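# structure, please.
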Amino acid sequence: MTGIRQRLDALRAELDAELRACGREPGSVRVLAVSKKHPAEAILEACRAGLDAFGENYVQEAAAKFADPLLAGIPFEKHFIGHVQTNKARQLAELFDVVQSVDRPDAARALGRAAERAGRPLRVLLQLNVSPSDRFGCPPAEAPALAAAIRAEPALRLDGVMAMGPLGEPHEIAEAFALAAKTFGIVGGSTLSIGMSGDWRAAVRAGSTMVRIGTALFGERST
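Model (predicted):
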């Protein structure tokens, strides 16, 4: 059976080949391992394979998993990639290093207050909606105003943009990622988090600096 290390090695080889084809530097796209619905054992195996950043969608699942003794003392970045509910802002600010899904001013305010109370700065990404199938995300035209609202929170650090690609034809995916990249250029930051297991090649061509990979690393999720 193919393990996470073998899958990661294959993915990185394909990523580097795509980057070279685009005239970009190999190794310039970071892999965020989406560990949602996978156990702590999978995170441990992925850390041993060289991964250092993991994305989770659900606060309670992540809290239980990160507290597992298997992961004690193992350093890795914890990214929240699910929808931000303001009533869970305190848990998000205390548990995660990065929240990738700030899509409205009230979420920014709630996270800002929570991060201040936690006594630690919180890195965030502005979530864009570039897909008709996505329920969440800020419309690109409203991104500058949301970026200003995030930057007005002293405890938040705006580090870029996150978006999900549409479930469509290749040209539709390419257009959506191009719009995300254009908005990223306006918003600023160092992280353009676009591309998942099924569409990361188009994301790399659009300028992604981080791809969120779950199935291609861990296999199918548990139900």
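
# what comes up buried for the worst-scoring helix or strand of the chain on mean pLDDT?
Across the helices and strands of the chain, mean pLDDT, DSSP states H and E gives its lowest value to helix 215-218, namely a mean of 92. For helix 215-218, burial by neighbour count (16 or more other C-beta atoms under 10 Å) applies to 216-218. All C-beta atoms are positioned from the backbone trio N, CA, C, and that covers glycine.

# how about the strands in the chain?
When assigned using DSSP state E, the strands of the chain occupy the ranges 30-34, 53-56, 77-80, 98-102, 122-128, 156-163, 191-193, 210-213.

# now render those as JSON lines, adding mean pLDDT.
Putting the strands of the chain into JSON lines (pLDDT from 0 to 100) gives the following:
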{"stretch": "strand 30-34", "mean pLDDT": "97"}
{"stretch": "strand 53-56", "mean pLDDT": "98"}
{"stretch": "strand 77-80", "mean pLDDT": "98"}
{"stretch": "strand 98-102", "mean pLDDT": "98"}
{"stretch": "strand 122-128", "mean pLDDT": "98"}
{"stretch": "strand 156-163", "mean pLDDT": "98"}
{"stretch": "strand 191-193", "mean pLDDT": "98"}
{"stretch": "strand 210-213", "mean pLDDT": "98"}
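
# turn those strands into TSV, columns for distance to Ala141 and mean neighbour count.
Listed next are these as TSV, based on distance: least, C-beta to C-beta, whole Å; neighbours: other C-beta atoms under 10 Å:
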stretch	distance to Ala141	mean neighbour count
strand 30-34	27	23
strand 53-56	27	22
strand 77-80	25	21
strand 98-102	17	25
strand 122-128	10	26
strand 156-163	14	24
strand 191-193	18	25
strand 210-213	24	24
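
# returning to that earlier point: so which elements touch the least confident helix or strand of the chain?
Here helix 215-218 touches helix 4-21, strand 30-34, helix 40-49, going by 3 or more C-beta pairs under 8 Å, 6 or more residues apart in numbering; DSSP states H and E.

# now do the last one against helix 4-21, angle only.
By that I understand helix 40-49. With axes from the mean of the first three to the mean of the last three C-alpha atoms, to 10 degrees as the basis, helix 40-49 and helix 4-21 are set at 50 degrees to each other.

# and helix 40-49, how far from the chain's centre?
18 Å (C-alpha atoms, centre = their mean, to the nearest Å).

# give the buried residues for that helix.
Neighbour counts over helix 40-49 (16+ other C-beta under 10 Å) mark 40, 42-47, 49 as buried.
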